[in-house]
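[1] make a model of this:
(chains A and B)
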Amino acid sequence: MSAINNKNCKYISQVEIKITFDGKSYSAFDGDTVASALLRNNIRLIGRSFKYHRPRGIYTCGIEEPNALVQILNEHNEPNTRATIKRTYDGINISSQNRWPSLSFDIGSINNILSPIFSAGFYYKTFMGPKGFWKKIYEPLIRRTAGLGKPPKNFRSKSIHQNHNVDILIVGGGLSGLIAARKLIDTNNEVLIVEQDCFLGGILKNSNKVKSIDGKNVFEWVNETEKLILGSKNIKILKNTLVTTYNFTNHLIALEDKFVGKKIDTNKSELTLHKIRTTHTILANGHIERFISFRNNDLPGVMLASSFEKYIERYGVAPDENPVIFTNNSSTISLVKSLINLGCKPSAYIDSRNKNDIEDETKDYLSKNNIPFYPESEVEGCEGNKKVEKVYIRSSNKEISSIKASMLCPSGGFNPDIHLFTQSKGLVKWDDKIISFKPDTAFQNTITLGSVSGNYKFKDLCSEINKKLSFLKTNELNLEIETNIRDDFSIKELWETKTNKKSKWSKSFIDLHNDVTTKDLQQAINEGYDRIEHLKRYTTNSMGTDQGKISSINSLGIVSKILKKKISEVGTTTYRPPYAPLSFAAIAGRSTYEYYDPERKTPIHNWHIKNNAVFEDVGQWKRPWYFKKYKTETMHQAVQRESKQTRQSAGILDGSTLGKIEIKGKDALEFMNLMYTNAFTKMKPMTSRYALMLGEDGMIMDDGIICKINDKHFIATTTSGGAPKVFAHMEEFLQTEWPHLQVYLNSITEQFTTFNISGPKAREIVSKVFSDIDFSNEKFPFMTFKTFNYKNTQARIMRASFTGELGYEIYISPQHALELWELIFKHGKDFDLVPYGTETMHLLRAEKGYVVIGQETDGTVTPIDINFNWMIGKKKKDFIGKRSLTRSDTAREDRKQLVGIVPLDKSQFIEEGQHIVECENLPSKIKMPIEYLGHISSSYHSPNLNHCISMAMIKSGNKLMGKKLFVSTPKGTKNIPVEIVSPVFIDPENKRLTS
Amino acid sequence: MILINCPYCGEREQSEFSNGGEAHVARPKNPEALSDKDWGQYVFYRSNPKGIFYERWVHTHGCRKWFNAVRDTSTDTFLKIYKLDDNRPDISEFKSTLKSPSGEPSVGSGNFAVKK
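    Okay, the predicted model is just below:
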């Protein structure tokens, strides 16, 4: 009735450690998993199930575990950790999940009684109405009950990525993988072996099926092989590493846990994500035992037979002295032998196969050891209070008897673990002999060896490997493998046993993780979901974190019986990566927190910080949004102050983030004429021009100012976010369409720091700073520029403006930028110069009616739509997007066009993104769609006009000047009455600009 | 992740590259002479076959060079990579190399993981 320690187990040290489970302290051995440690202490109730909150225990001994998920409190509060693979260490603190108030008394288990409403399609059917219930009641309820564990708080973990380029990757360091590796020792192939456990050996360490190899006992043979491999020049081994993903072009991803059986050191990386690129992939990842559905097959105490054996052999603990064994195949007898070796004895051995099919060796062994034997029988079900207490056996004469037992070990056969093989896009085939799918045609350079290929015969293993690896021209390796069981695998199809006893509590599960019963499968098919992919989603079968590893083939078996089809006709659902849950922290690697995305800072950045700038992200750039003059100043107050001061005296903006591209070459002029809408031929050297770049569809892509130094040399600016796109766009056309043009592009964004000084006092300030330059209107008119030498570096000043005021743009080498910026401030003090940020920039340009690409435009706006007809070089034969401007759709007169909007009541404020409509009030209940004329693209409170100004894109806007319309508000049904006006609110005559 | 053999730099990871859509679609010499329909065909329409596809790639995070490639879209296998001024390889060159994952038909998609 209680656990037995297997002192002969060589994989567990007998060093005692202390672990805590649900607040209680227990002792375990160093090397134990959470599961083996708990089993050692006779704890079988581990958690509560997902939907019905049924008591659940440990079902398996590995990655396939559907039930025993726990929360590790001392490791970031990590939820949903598989108890069956998580290794313990002294001081680990574990808690059970999905129960309240306690594991043994859980209020949520009421769901089990209410189960009729939680059947297949529950979510689709239940939360339908009444209206409004979804948002207020259903969603919060589902969110509260969803999931099993609790998400970690303040999670911060480190992990790294590592790349491997190898000739051969061997997935799995079990018997087949090791034989393959031995063949490859000291060959010219670079080989990597990936093993999920911390010991090699696979089935050799997890069972007692193999007695000896070449006369050596298996432990010695594995050690010898490992030594040979480690001594080789060409083979590496990665332990504690699980291959989760098999991508195209033999690219695989594996996750290594660096802190197996150790307390995590948060200063070091916890996980390594290995990205492996290989020429040949050898899959030797074995098989997974499947279960059988019977009444209450989820009770704590039910554990797969080979898992039970693994606990004895690998973890040195027999969870129970007298389990009942229930099998449909020949392999389970090895568990009996493991138990007998420990001095234990199964209380019954139930084999569903026909008497004549059961091996004589098995029958003899059972009778010799006096084990109650039930051939041609099956388990009808089991019962008990939060644990197995009674097992009901249906004998060959259909009569049901019961025996007392505290554990029950079913075995439903073995599935080759084809997950990775199908991820690689290989084709699988049904094998009637092993009653499972096995790999058939590989799509990539993939070789499957051993049980994953469907070969369960140890005697055939070496010849299989020699044959499949013959293309590598390595030496043949023939080993004498002696087994403890008969080598011929025999199995009888059995997916579900008939239930005799019906009670509300009794259920026969097909998916333990998601609480899907075999009844749900039947119901889903009755409701028309008879395609396996539909059925899976409707019932959530095999959609848990275990992905139905022990049960998905069983569900195909049950479905095929209901549909009266062959399993191969039912097909499988699609296997998708990852093979097992993969931590997001591992995928993220070093790209987390401050390393998530690079930050780009201008040379003035530290000055901005000192002067209380609040920053805004523009692409990767950090730009000052506004400057706080005093601590309690709000953004609105700051922006109003900065805007007013700029128009009254002068303001300065750090515009370094503007993209800058240098265009040089014999054919630069022709190229610029093709790339931009504007005509550059007649433009005088040393002048600049505002220019638009279109896509081939005629829509505005970017804007900027073009400086023409001469016909062979231009400098273009782009928007801050658009620089890479514009550069790539230019490069694409140069390479692909006009390779005959001799033009060279150079990104000089970071080679020049840019300041914008604007305002009525701008001229006086720059004259003081650059005393040898004549800034008079005659010598330095609007839209011209001068280049000069500043401390032996190139510099350029351009007269341009994005505020509507007199403005100068200074381009200076970054090494002198900060000192010049400070010099400007020294001189600017006398003229009340103010630094301003992007928000004020946006406000000032809106007052002047200038558009912002990406705010007024959204990829559906042509230059004509924003009244920029004058910028189109109509006489040019061609430029990108020109032909599209006369397409019937772009030439439509009722397109959305740019207008200005002001509220009639000047105290009202219009919000950005609101709709422009014709009705004064919105109806309280909307029956018919309300005609939508356009939307507000920009809106600000203008400090210089002292009321709200807005820009909008509105249907036939040009024809609506002076018209009264309405703008919706974020709340309520009352719209704001507005008037359509010109979008230029300040200085429409351009007096300030050009004076 | 797929490896792409840049004709200028050699084999690099796919994340260094950007796809530029169908190849061998030349920009019309005289756009003004085209009807709305013909121009629209050039601007908006590209073929999207399952199987052999001629497409453009650019080594964005590398040499920034454009080049052409023939790719089997059903398997993501690069059948040929060639420079822009190389001739368009004839489709007959690739017919025999076609290999579809899981024996999928040439049109449509679905779950064909099981061999019938």
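
[2] which helix or which strand is home to the residue of the stretch 301-450 of chain A found nearest chain B?
    The minimum distance from the stretch 301-450 of chain A to chain B, using C-beta to the nearest C-beta, falls at residue A:425 (3.4 Å). C-beta coordinates here come from the backbone N, C-alpha and C atoms, glycine included. Using DSSP states H and E, no element contains residue A:425; it sits outside every helix and strand.

[3] thought residue A:441 was touching it, still the case?
    No - assessed by C-beta atoms under 8 Å, residue A:425 is found out of contact with residue A:441, at 9.8 Å.

[4] so which of these two has more stuff around it?
    Neighbours were counted for residue A:425 and for residue A:441 using other C-beta atoms under 10 Å in any protein chain shown; residue A:425 has more, 22 against 15.

[5] strands paired with whichever strand or helix holds residue A:899, and their directions?
    Using DSSP H and E, residue A:899 sits within strand A:896-903. Using DSSP bridges, the strands paired with strand A:896-903 are strand A:947-955 (antiparallel), strand A:976-981 (antiparallel).

[6] show me how far that strand is from its chain's centre.
    How far strand A:896-903 lies from its chain's middle: 42 Å, per C-alpha atoms, centre = their mean, to the nearest Å.

[7] what do you get for stretch A:44-59?
    For stretch A:44-59, the distance to the chain centre is 28 Å (C-alpha atoms, centre = their mean).

[8] in it, what counts as buried?
    A:44-59 (16 or more other C-beta atoms under 10 Å in any protein chain shown).

[9] and the gap between the spatially most central residue of chain B and residue A:251?
    Nearest to the geometric centre of chain B sits residue B:55, at 2.7 Å (C-alpha atoms, centre = their mean). The gap separating residue B:55 from residue A:251 is 21 Å, by C-beta to C-beta, to the nearest Å.

[10] now residue B:14
    From residue B:14 to residue A:251 the distance is 10 Å (C-beta to C-beta).

[11] swap in residue A:156?
    29 Å.

[12] domain assignment for chain A?
    Per automatic domain parsing, the structural domains of chain A span A:512-570, A:605-657+A:752-777+A:792-845, A:659-747, A:893-995.

[13] would you turn these into a markdown table with mean pLDDT and mean neighbour count?
    Shown next, in a markdown table, are the domains of chain A (pLDDT from 0 to 100; neighbours: other C-beta atoms under 10 Å in any protein chain shown):
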| stretch | mean pLDDT | mean neighbour count |
| --- | --- | --- |
| domain A:512-570 | 92 | 20 |
| domain A:605-657+A:752-777+A:792-845 | 96 | 19 |
| domain A:659-747 | 96 | 19 |
| domain A:893-995 | 94 | 17 |
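
[14] which residues do residue B:14 and residue A:251 both contact?
    In terms of C-beta atoms under 8 Å, 6 or more residues apart in numbering or on different chains, residue B:14 and residue A:251 are both contacted by the residues B:1-2.

[15] more neighbours, these two?
    residue A:251 (20 against 16).

[16] didn't the more buried one look like it was pressed against residue A:276?
    Yes - at 7.2 Å, residue A:251 counts as touching residue A:276 under the criterion of C-beta under 8 Å.

[17] and stretch A:169-177, C-alpha only, in CSV?
    Extracted C-alpha coordinates of stretch A:169-177, given in CSV (Å, rounded to 0.1, in the frame of the first residue of the first chain):
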residue,chain,number,x,y,z
LEU,A,169,22.0,15.8,-35.2
ILE,A,170,20.8,12.8,-33.1
VAL,A,171,17.6,13.5,-31.2
GLY,A,172,17.5,11.2,-28.2
GLY,A,173,20.4,9.6,-26.3
GLY,A,174,18.6,6.3,-25.9
LEU,A,175,19.6,2.9,-27.1
SER,A,176,19.2,3.7,-30.9
GLY,A,177,20.7,7.1,-30.6
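
[18] starting at the chain centroid, how far to that stretch?
    29 Å.

[19] with stretch B:72-88 instead?
    For stretch B:72-88, the distance to the chain centre is 6 Å (C-alpha atoms, centre = their mean).

[20] that one close to chain A?
    Yes - against chain A, stretch B:72-88 shows contacts by C-beta under 8 Å from any C-beta of the partner chain at B:75-76, B:84-85.

[21] need the helices for chain B, in chain order.
    B:36-44 (DSSP state H).

[22] which stretches of it form strands?
    For chain B, the strands defined by DSSP state E cover B:3-6, B:10-13, B:18-22, B:52-58, B:66-72, B:77-82.

[23] out of the ones you listed, which is the most enclosed?
    strand B:66-72 (a mean of 22; mean count of other C-beta atoms under 10 Å in any protein chain shown).

[24] in its sheet, which strands sit next to that strand, and in what direction?
    strand B:52-58 (antiparallel), strand B:77-82 (antiparallel).

[25] next, the angle from it to strand B:18-22.
    70 degrees (axes from the mean of the first three to the mean of the last three C-alpha atoms, to 10 degrees).

[26] residues in contact with strand B:66-72?
    Contacts of strand B:66-72 with the rest of the structure, by C-beta under 8 Å, 6+ apart, involve A:732, A:735-736, B:4, B:6-8, B:20, B:23-24, B:51-59, B:77-84, B:86, B:88-89, B:94, B:97-99.

[27] run through the residues that contact residue 54.
    In the absence of a named chain, this looks at chain A. A:48, A:109, A:112, A:298, A:507, A:515.

[28] sorry, I should have been clearer: chain B.
    B:22-24, B:68-70, B:88 are the contacts of residue B:54 under C-beta under 8 Å, 6+ apart.

[29] distance between the ends of stretch A:558-570?
    10 Å (C-alpha to C-alpha, to the nearest Å).

[30] an error on my part: the question was meant for stretch B:18-30.
    28 Å.

[31] quick one, helices of the stretch 351-500 of chain A?
    A:360-368, A:419-423, A:458-468 (DSSP state H, counting those that start in this stretch).

[32] restrict the first one to CA atoms and write it as CSV.
    So that's helix A:360-368. Once non-C-alpha atoms are left out, helix A:360-368 reads as follows in CSV (Å, rounded to 0.1, in the frame of the first residue of the first chain):
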residue,chain,number,x,y,z
ASP,A,360,3.7,-18.7,-22.7
GLU,A,361,6.6,-17.0,-20.9
THR,A,362,4.1,-14.5,-19.5
LYS,A,363,1.7,-17.1,-18.3
ASP,A,364,4.4,-19.2,-16.8
TYR,A,365,6.0,-16.3,-15.0
LEU,A,366,2.7,-15.2,-13.6
SER,A,367,1.7,-18.6,-12.3
LYS,A,368,5.2,-19.3,-11.0
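
[33] how about the residues of chain A near chain B?
    So far as C-beta under 8 Å from any C-beta goes, chain A lies against chain B at A:247-249, A:251, A:275, A:277, A:422, A:425-430, A:437, A:440-441, A:443, A:533, A:568, A:571-575, A:696-697, A:728, A:731-732, A:735-737, A:739, A:877-878, A:882-884, A:887-888.

[34] which stretches of chain B have low pLDDT?
    B:96-116 (pLDDT under 70).

[35] and the residue nearest the centre of chain A, what does it touch?
    The centroid of chain A falls nearest to residue A:584 when counting by C-alpha atoms, centre = their mean (6.8 Å). Applying C-beta under 8 Å, 6+ apart to residue A:584 gives no contacts.

[36] this completes my enquiry, with thanks.
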